[in-house]
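Q: Need the 3D shape of this:
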Amino acid sequence: MTSSSPPAESATRRYVLPLLLAYPLLAIAGAVTQRQIFPLAALLLLLTAVMLPRLQTHRAGPWLVWLGVLVALLLLSLYGFAGLLLETVPVLINALLACWFGSTLGTSEPLVARFIVAIEGTDRLSQPGVARYARQLTWFWTLLLATQAVVLAVLLLCAEHSGLLARFGIVSPLLVSDRWATAWLHVGGYLLLGAAFLLEYGYRRWRLRHLSHPGLHDMLLQLALHWPQLVHGNRTAAS
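A: The predicted model follows:
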């Protein structure tokens, strides 16, 4: 079984979640104040959270990539594009996650099955109803994330004054209030995914009530600690 080293696990617990939680706060501050420092800081936090496991290896390559992206963000900030780049992040996140979930549907190991293996071990999939539910849930997240990406892209394009079409002098076929577009891009979209996750967790416990289930905190912690297994699809049990 492959697992994270104790220092890596400790850093994941200690740093990644706070970084990800700080990201939407800075994104909102940027949208409200229109100051480039906030979207720049938000993008830097997101970059650091994503790259933290590789940065922990202390190899030169990941640090050079991190520094290169940081310089690029600083240049974008100087020209006033950091805010625009930040606005595209929710669209990209949802689109990439939808592709990630969807790309595993044609395999024998849909992504939710990897989650189950990482958290509860390979034997869990052989229990009644688990493998079928894992594939159905992978479909659910694929469709939800893809729909969310489309909605966010429309909001980004069609916001009445701040949308990309308006910025380039193009009349939008669908005018959306700037307030609602900004709120959904930076807050609502994340709240929707969080609510869907919690509702699914409760539904799963009811539907598979003949089985025992890990607590929500333990499940989230195991997902954070075993993300390399989820990416590569190693069917090994979590410790």
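
Q: How much space separates the one residue sitting closest to the centre of the chain from Trp100?
A: The centroid of the chain falls nearest to Ile93 when counting by Cα atoms, centre = their mean (5.6 Å). From Ile93 over to Trp100 the distance is 10 Å, taken as Cβ to Cβ, to the nearest Å. Any C-beta I mention is one placed from the backbone N, CA and C, and that applies to glycine too.

Q: now Arg114
A: For Arg114 relative to Trp100 (Cβ to Cβ), the value is 10 Å.

Q: Under a three-state scheme, what state does Leu174 occupy?
A: coil (DSSP: H, G, I helix; E, B strand; the rest coil).

Q: That one and Phe115: what is the separation?
A: 36 Å.

Q: Which one's more surrounded, these two?
A: Phe115 (19 against 11; other Cβ atoms under 10 Å).

Q: which SS class is the more buried one?
A: Applying three-state DSSP: Phe115 is helix.

Q: For it, report the pLDDT, please.
A: Looking at Phe115, its pLDDT is 83.

Q: Also Leu223?
A: Reading off the model, Leu223 has pLDDT 67.

Q: returning to that earlier point: of Arg114 and Trp100, which one has the most company?
A: Using other Cβ under 10 Å as the criterion, Arg114 and Trp100 rank with Arg114 on top: 22 against 16.

Q: wait, doesn't the more buried one sit right on Thr104?
A: Yes. Counting by Cβ atoms under 8 Å, Arg114 does reach Thr104; the two are 7.4 Å apart.

Q: mind listing what's buried in stretch 127-137?
A: 130-131, 133-135, 137 (16 or more other Cβ atoms under 10 Å).

Q: In a markdown table, list these along with pLDDT, secondary structure and distance to Gly188.
A: Below are these laid out as a markdown table (pLDDT from 0 to 100; DSSP: H, G, I helix; E, B strand; the rest coil; distance: Cβ to Cβ, whole Å):
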| residue | pLDDT | secondary structure | distance to Gly188 |
| --- | --- | --- | --- |
| Val130 | 88 | helix | 32 |
| Ala131 | 88 | helix | 33 |
| Tyr133 | 91 | helix | 28 |
| Ala134 | 91 | helix | 28 |
| Arg135 | 94 | helix | 29 |
| Leu137 | 94 | helix | 23 |
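
Q: could those go into CSV alongside distance to His213?
A: Shown next, in CSV, are the buried residues of stretch 127-137 (distance: Cβ to Cβ, whole Å):
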residue, distance to His213
Val130, 11
Ala131, 16
Tyr133, 12
Ala134, 14
Arg135, 18
Leu137, 14
